[in-house]
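A.B. asks: Need coordinates for the following:
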Amino acid sequence: MEETLRIDRMSFGPAAVGRLASGKTAFVEGAAPGDLVRVEIVEDKPRFARARVLEVLEPSPDRVAPACAAGCGGCPWAHLSYPAQLAAKRASVVDALVRTAKMDAARAEEVVGPCVPSKREWGYRNKLELACAADAAGRLVLGMHPEGGGEVVPLERCPLAHRTIEGAPKALRGALRYLAGDGDLGIFRVGVRGSLRTRDVEIALWTTPGPFPRAAAAKTLASALKNTSVVRVVAEPGRARKVKKVEAVSGKGCWEEELSGERFLLSAPSFFQVNTAQAEKLVALVMEGLAVGEGDYVADLYSGAGTFTLPLAAAGADVVAVEAAGSSVRDLRRNAERAGVDIEVVGGDAARELPELGELDALVVDPPRAGLAPGVVDSIAAAGPARVAYVSCDASTWARDVALFERAGYRLTRATPVDLFPQTYHVEVVSIFERCGH
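C.D. replies: Now for the predicted structure:
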């Protein structure tokens, strides 16, 4: 079934939103707010429909020509002008507060600031994660899984990545084909990290357990992509990616980045923000919002390798960091030692460890996409910090937690969207809560 409709706005997702003649909401991928489009309905549900663009009859003023036509799904908003992307991301944060946190619309508009733009609209990623597959001839290909699953889309290059690693997909594909020969090395994923600041480049080969030609891999990869480290991450494939061990194949066995004046060493499984310059803006907003003083007792939950922990400690706070991932715990301890700061590092689950920390002056949480676990907000309230900084990568779970904080005696005073992922719909939010009556 075909229909013509005007696009109203972007959704929190790859698609734009318009209304069919029946009044039903339609999600249309590849469309821009203001477009008049002829679409084909590909899925018709009772409450909404999904459609694809057949023809753009009147292009929106916000429509631009995408800089990449690979079709891997990694940059679903590349057809939107950058100002329109920023406006849509801010709108999604406001909308989450109204719909999920049930906040008054006027207050939501007031509390959410402008979306902080990225200086680099392309070429900002310090990391590529490449999926492995085989072509029709059985040869290895490197690429991306499109959103929602499907076959791996082969890539030659990725313009979202900065120049040191942009051409890695093609370079590594040839090297790994040569290395494998007629055999199977068990490689199911390849990670590449590159730093514009330290010039480090690390290649991480994720493989199933078994024999591996380490010396040949070191030699072959050195000629394919100039690197400072090659590691092998031995893990089980699948969503859980349970890591068994990490082996240094060549170089120093880790990757080094500079952020907010601190040096961070990262092992291959450890999380680190992929847009370094924008991550510095997250840190600045957290430090400004918490305004910690000398000797303040501060907790950093879901601390990772110390993105916020090290700056808090450098500001004179007594910091306890809680992190569940073993590789990040080891990295944080090493980074704290190198920075010359004294940090108490607790390896464990934030929900379980938080009640043991005692009374706090301030706290920062940077949870995964699922947001805070049940009970964590109440445990935070029991610890009584005067201010809480909540850094979120998912506006809907964050808005759910905003409502919990406000019921627990905290008030959201500001929320700043920060664009770490241009050309995509993802947005980080740095929010500051203050204890009522403080």
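A.B. asks: before we move on, which element is Val322 in?
C.D. replies: According to DSSP states H and E, Val322 maps onto strand 318-323.
A.B. asks: List the neighbouring strands of that strand plus their orientation.
C.D. replies: Note on strand 318-323: by DSSP bridges, its sheet partners are strand 297-301 (parallel), strand 343-347 (parallel).
A.B. asks: among those strands, which is the most enclosed?
C.D. replies: The highest mean neighbour count among those, using mean count of other C-beta atoms under 10 Å, belongs to strand 297-301: a mean of 26. From N, CA and C alone the C-beta is placed, and that goes for glycine too.
A.B. asks: Check the offset of the helix or strand that comes right after that one from the chain's centre.
C.D. replies: Next helix or strand after strand 297-301 toward the C-terminus (DSSP H and E): helix 309-314. Remark: helix 309-314 is offset 22 Å from the chain centroid, using C-alpha atoms, centre = their mean, to the nearest Å.
A.B. asks: same check, this time on stretch 167-185
C.D. replies: Relative to where its chain is centred, stretch 167-185 has its mean C-alpha point 27 Å off (C-alpha atoms, centre = their mean).
A.B. asks: Tell me the buried residues in it?
C.D. replies: If you call a residue buried by 16 or more other C-beta atoms under 10 Å, then stretch 167-185 has these buried ones: 168-173, 175-176, 179-180, 185.
A.B. asks: Identify the farthest-apart pair in those residues.
C.D. replies: Pairwise distances across these (C-beta to C-beta) peak at 18.5 Å, for the pair Lys170 and Leu185.
A.B. asks: In CSV: the strands paired with strand 318-323, plus mean pLDDT.
C.D. replies: As requested, the strands paired with strand 318-323 are exported to CSV (pLDDT from 0 to 100):
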stretch, mean pLDDT
strand 297-301, 97
strand 343-347, 96
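A.B. asks: can you list the weak-confidence ranges in the stretch 301-438 of the chain?
C.D. replies: 438 (pLDDT under 70).
A.B. asks: Strands of that one, residue ranges please.
C.D. replies: Using DSSP state E, counting those that start in this stretch, the strands of the stretch 301-438 of the chain run over 318-323, 343-347, 362-365, 387-392, 410-418, 428-435.
A.B. asks: Which elements pack onto the shortest one?
C.D. replies: In other words, strand 362-365. Other helices and strands packing on strand 362-365, by 3 or more C-beta pairs under 8 Å, 6 or more residues apart in numbering; DSSP states H and E, are helix 276-290, strand 297-301, helix 376-383, strand 387-392.
A.B. asks: same thing with the last one?
C.D. replies: Other elements packing on strand 428-435 under the criterion 3+ C-beta pairs under 8 Å, 6+ apart are helix 276-290, strand 387-392, helix 395-407, strand 410-418.
A.B. asks: ok, now the fifth one?
C.D. replies: Counting by 3+ C-beta pairs under 8 Å, 6+ apart, the packing neighbours recorded for strand 410-418 are helix 82-99, helix 105-111, helix 276-290, helix 395-407, strand 428-435.
A.B. asks: in it, what's buried?
C.D. replies: Neighbour counts over strand 410-418 (16+ other C-beta under 10 Å) mark 410, 412, 414-418 as buried.
A.B. asks: related to what we said a few turns ago, the strands paired with strand 318-323 into TSV, with extra columns for distance to Ile432?
C.D. replies: Compiled in TSV, the strands paired with strand 318-323 are given as follows (distance: least, C-beta to C-beta, whole Å):
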stretch	distance to Ile432
strand 297-301	14
strand 343-347	22
